[in-house]
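Engineer: pasting the structure only:
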């Protein structure tokens, strides 16, 4: 597990500079105040002005700073030193009040403080990089005040079990949904820049069934308050997906829709 985390850290460290320059993230638009959270979390997050927020696995911090723009007192955590450095630079350039800490999710209670947060926020491409979903749920509960809330949005675990060879090919079950071992992938490019070339091309990914995620939260003392499935994702998960005017990717109109992402909300205590 430790080797997998180290492999993934090297992967993410190398991709930060490419992502900061990419059209996918549109950092220039962010600087001008033209961009926001994706439509799903923007509609669901609610009024967070004045709340103390921990943003786990924040990458280079754009979502963290979107939360700060909504009036939250927010701290982002990421295990990539390059990502945290880029986040701090962007925050300084834009006058954001968001703060950033380098470290692993498992160390978040020690690094960020226990029982201090009204909201733990995590979205898009997070828990697949974590080998231990039980520990993740314990971390979420440890960070929150009594009555504090988790907001989680990510790719749907069922969609993660499917894949497509090309835009006209069928979408087929490809990976075991229930699996105790990680998947190892090799490949160039990134969801933010398909043509980018990298040295660190390997990733180690752990898929967690929906029941395992919810079960871990319940075992950690969290109370489930919402479970919402969505027909959209923030990136082109399969070649056939079509990007809408809202920037989200969905199945073509002539194909049945599928659950591409899921929101989980839970309260401590």
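Structural biologist: Noted; the coordinates are in hand. Note that the structure is a prediction, hence the values are computed from the model and not measured.

Engineer: can you pull the contacts of the closest residue to residue 8 other than its chain neighbours?
Structural biologist: Once flanking residues are discounted, residue 8 sits nearest to residue 129: 5.4 Å by C-beta to C-beta, 6 or more residues apart in numbering. From N, CA and C alone the C-beta is placed, and that goes for glycine too. By C-beta atoms under 8 Å, 6 or more residues apart in numbering, the contact set of residue 129 is 5, 8, 57, 205-206.

Engineer: Go through those residues and flag which are in strands.
Structural biologist: Assigned to strands by DSSP state E, the following of the contacts of residue 129 qualify: residue 205.

Engineer: what about residue 243, how many neighbours?
Structural biologist: By other C-beta atoms under 10 Å, the residues close to residue 243 number 12.

Engineer: Identify all residues paired with the residue nearest to it when sequence neighbours are not counted through a beta bridge.
Structural biologist: Leaving aside its sequence neighbours, residue 243 sits nearest to residue 249 (C-beta to C-beta, 6+ apart; 5.4 Å). Judged by DSSP bridges, the bridge partners of residue 249 are residue 233, residue 243.

Engineer: where are the low-confidence patches of the stretch 101-250 of the chain?
Structural biologist: Along the stretch 101-250 of the chain, segments meeting pLDDT under 70 are nowhere present.

Engineer: Name every sheet partner of the helix or strand hosting residue 147 and say whether each one runs parallel or antiparallel.
Structural biologist: Per DSSP states H and E, residue 147 falls inside strand 144-155. Strand 144-155 has the following strand partners under DSSP bridges: strand 117-123 (parallel), strand 261-268 (antiparallel).

Engineer: To residue 44, which of those lies closest?
Structural biologist: Of all the strands paired with strand 144-155, it is strand 261-268 that lies closest to residue 44, at 6.1 Å by C-beta to C-beta.
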